[in-house]
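*Asks:* This is a predicted model, with the sequence first.
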Amino acid sequence: MILDIRVVVGEKVKTLRKIRNLTQEELAHCSNLDRTYINSVENGRRNISIVNLEKITKALNISLKDFFN
């Protein structure tokens, strides 16, 4: 079974957010994105741009390279 990349990325964002004890609202604020956008990313419903992924990874204090490792 091949997972949709949107689901894989969303699950990773959600896991990292929870490890850092952040709510979706807090992550949204730190990344300068809307909470509903974060929710749709985490649930695999959003085809996230690399620019917004960078905003999220910066807010999570992780590099893009480490995000994909």
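*Replies:* Nice, I can see it.
*Asks:* residues in contact with the spatially most central residue of the chain?
*Replies:* With distances taken as CA atoms, centre = their mean, the chain has residue 13 as the residue nearest its mean C-alpha position (3.4 Å). Applying CB atoms under 8 Å, 6 or more residues apart in numbering, we find residue 13 in contact with 38, 41-42, 56, 60. No exception for glycine: its C-beta is placed from N, CA and C like everyone else's.
*Asks:* if you look at the residues you listed, which of them are in strands?
*Replies:* Where the contacts of residue 13 are compared with strands, as defined by DSSP state E, there is no overlap at all.
*Asks:* Serialize these to JSON lines and add fields for pLDDT, neighbour count and distance to residue 66.
*Replies:* Conversion of these to JSON lines gives the following (pLDDT from 0 to 100; neighbours: other CB atoms under 10 Å; distance: CB to CB, whole Å):
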{"residue": "38", "pLDDT": "98", "neighbour count": "27", "distance to residue 66": "19"}
{"residue": "41", "pLDDT": "98", "neighbour count": "24", "distance to residue 66": "18"}
{"residue": "42", "pLDDT": "98", "neighbour count": "22", "distance to residue 66": "18"}
{"residue": "56", "pLDDT": "98", "neighbour count": "27", "distance to residue 66": "13"}
{"residue": "60", "pLDDT": "98", "neighbour count": "20", "distance to residue 66": "10"}
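*Asks:* Please tabulate those in a markdown table and include distance to residue 24 as additional columns.
*Replies:* Output for the contacts of residue 13, formatted as a markdown table (distance: CB to CB, whole Å):
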| residue | distance to residue 24 |
| --- | --- |
| 38 | 5 |
| 41 | 9 |
| 42 | 7 |
| 56 | 11 |
| 60 | 12 |
